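1. Here's my sequence, what's the structure:
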Amino acid sequence: MTQTVQNPVTGIFGTGNIQWFTSSGTWLVPPGINSCRVRMWGGAGWASSNGGSGGGFSLKEVLDLSSTASVVVTVGTGGTSTSTTGGTSSFGSYCSATGALTNGGNPGTGVGGDINTTGGSASSNAGAGSASLFGNGSNVGGVGAGTGGGAGSTSNTVFGTGGFMSTGGFYNSLTYSVIPPTAGAYLSIPSIDYLGTGGGGGFGQSGVNGGGAGSTGGSSSFPAGGGSATSPIGGNGLVIVEW
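-> Modelled structure (predicted):
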């Protein structure tokens, strides 16, 4: 998909065009384009007996494409029962973002980029947040403000945590109080800067926008948010190219 976008933080790159890769493919270098900016997330891990850790993030400006006709793009998928570790995303040999290991294992991290951040670590059956441009993903129960996606909470009376400009969810089974997690500000406009800024789900809630899933029923979120032990599939990765 190619579209013109508005990037409040990092600004429009080059001609303002963007292509999103939600599955692996090839980016064809447009005529007259000598540079691009790429960012990516690796897949979150499988979470059958523990929460899923978050995928890593990498951003890189590729400055000399004058002799390059195309670049192979790999998009890492979230971990499943048959492929438990989240897949690694990459843009040729320029940079990559690894996926998270299974069942609360090591989170993914960025490799070779100008900015590289690491996903959050999962525990207690809840999922951790994905990494982002703004920092590492939140661990389960960790502080999320100013970092990547928030982690899901581990108790029915504890909030999930929020990432950059987002809030975590909350569920109290005793009073039936429910507050859903929210994504970062400015998401109503097309922007790539705010992906990976999601809130983590409270008890039994799914994360949003890269936030981790709350324990006992919460699902993973896109991109690269960790799932819960009861909804164990990890969030898929993503590669975005601007030129």
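2. Give me the neighbour count for residue 49.
-> Using other CB atoms under 10 Å, residue 49 has 11 other residues around it. In short, each C-beta sits where N, CA and C put it, glycine included.
3. I'd like to know how far it sits from residue 169.
-> Distance, residue 49 to residue 169, using CB to CB, to the nearest Å: 23 Å.
4. And residue 217, by the same measure?
-> Distance, residue 217 to residue 169, using CB to CB: 12 Å.
5. Identify the contacts common to these two.
-> residue 205 (CB atoms under 8 Å, 6 or more residues apart in numbering).
6. Which one's more surrounded, these two?
-> For the pair residue 217 and residue 169, the greater number of neighbours falls to residue 169 (30 against 17), based on other CB under 10 Å.
7. I figured that one hits residue 213, correct?
-> No - here residue 169 does not reach residue 213: they are 9.9 Å apart, not a contact under CB atoms under 8 Å.
8. any shared contact partners between those two?
-> Shared contacts of residue 169 and residue 213 (CB under 8 Å, 6+ apart): 200-201, 205, 207.
9. Just name the lowest-scoring one in these, pLDDT-wise.
-> Taking pLDDT as the measure, the shared contacts of residue 169 and residue 213 have their low point at residue 201 (76).
10. mind listing what that residue touches?
-> Residues in contact with residue 201, defined by CB under 8 Å, 6+ apart, are 126-127, 152-153, 160, 168-169, 181, 207-208, 211-214, 218.
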